[in-house]
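Q: kindly return the folded structure for what I paste below:
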Amino acid sequence: MATAPDTISNTDHTFSQNLVETQKLNMRFGDKQILRDLTVSIRHGQTVAIIGESGCGKTVFLKTLVGLLKPTSGFVLFDQQDLGVLSEPELSRLRSRTGFVFQNSALFDSLTVAENIAFPLLHSSSDSTRTKLSIDDQFQLVKQALREVGMAETTLKQHPADLSGGMRKRVGLARALILQPELVLYDEPTTGLDPIVSDIINELIMRSRLKHRVTSILVTHDMKTARKVADRILMLYPIHRLNEYESQILFDGPPSEIEHCTDPRVQQFIQGEAGSRLRELDIV
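A: Below you'll find the predicted structure:
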């Protein structure tokens, strides 16, 4: 991967209002292009919901932001650092500044709830003061994190298999926040949950943002989540449905404006209507 432009340097410590930036980001898997020329800036403290139909590259984009995937070309900058020129130890330290809430929670089945939440404290490469605390003090942090997601201490000794889907999501959120990250990434945080539990997760995301003042990026199909939680919505579209020079970003703005977007593809998605897409299906 090429180095970043001269105007951006790993040694440039001047303050930038943006925590995460991408420049002409492209991602291919073999002959299939998933992301095309994405240039996006996300400010400190902003909550961005990334929406779009399956296959448009939402989760791929999310993973490039913390170096879990390397782009085919283009640049990803985290706090003005070009991920493409960082060593693996440097990337690992950078990721310790990030919390990730996975779609399926990704808890360790063999560990208790307490051990799952404490995992980043014990295994992170972060130089956070939290990782240097005594075991007893770290356990107090685990209990505090559990309380912040509205769960009783009696849950600490349970295993993921003993929990409902919503409870597992909350444990995943507690684990993501235990190191007080600057950036939290959510991959479909409400998928598979009933409407009430989904709204509980939405409320917890909003409260965690206010309490910890983090930057949050959510990938979601849930328009209620996008409208309620985000202060900015970014909609991607599958490249194979676009014209050659058409932007992959169909909408980028506050939730209050998406209802007035004149692009029929945006309205089709947010209204959840098949519309003209039915004609593409060979249904007898």
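
Q: what about residue 186, which helix or strand?
A: strand 183-187 (DSSP states H and E).

Q: by contact count, what packs against the helix or strand just after that strand?
A: Scanning forward in sequence from strand 183-187 by DSSP H and E, the next helix or strand is helix 195-212. Judged by 3 or more C-beta pairs under 8 Å, 6 or more residues apart in numbering; DSSP states H and E, helix 195-212 is in contact with helix 135-148, helix 165-177, strand 215-219, helix 223-229. From N, CA and C alone the C-beta is placed, and that goes for glycine too.

Q: mind listing what's buried in helix 195-212?
A: 197-198, 200-202, 204-205, 208-209 (16 or more other C-beta atoms under 10 Å).

Q: nearest to residue 179 among those?
A: In terms of C-beta to C-beta, no member of these lies closer to residue 179 than residue 208, at 12.9 Å.

Q: neighbours of the closest residue to that closest one other than its chain neighbours, just the number please.
A: If the residues on either side of it in the chain are set aside, residue 208 comes closest to residue 177, at 5.8 Å by C-beta to C-beta, 6 or more residues apart in numbering. Counted with other C-beta atoms under 10 Å, residues neighbouring residue 177 total 22.

Q: what do you get for residue 233?
A: Residue 233 has 25 neighbouring residues, counting by other C-beta under 10 Å.

Q: OK, contacts around it?
A: By C-beta atoms under 8 Å, 6 or more residues apart in numbering, the contact set of residue 233 is 48-49, 51, 226-227, 251-255, 258.

Q: if we use 7 Å, what do you get?
A: 49, 51, 226, 251, 253, 255, 258 (C-beta atoms under 7 Å, 6 or more residues apart in numbering).

Q: got it, and residue 209?
A: 47, 216.

Q: pLDDT score for it?
A: Looking at residue 209, its pLDDT is 83.

Q: likewise for residue 121?
A: Looking at residue 121, its pLDDT reads 85.

Q: so it is in which element?
A: Going by DSSP H and E, residue 121 is part of helix 113-123.

Q: rewinding a little: go through the buried residues of helix 195-212 and say which is closest to residue 43.
A: Nearest member of the buried residues of helix 195-212 to residue 43, counting by C-beta to C-beta, is residue 209, at 13.2 Å.

Q: just the angle between the helix or strand bottoming out on mean pLDDT in the chain and strand 183-187, please?
A: Across the helices and strands of the chain, mean pLDDT, DSSP states H and E gives its lowest value to helix 88-95, namely a mean of 86. Helix 88-95 and strand 183-187 are oriented at 90 degrees to each other (axes from the mean of the first three to the mean of the last three C-alpha atoms, to 10 degrees).
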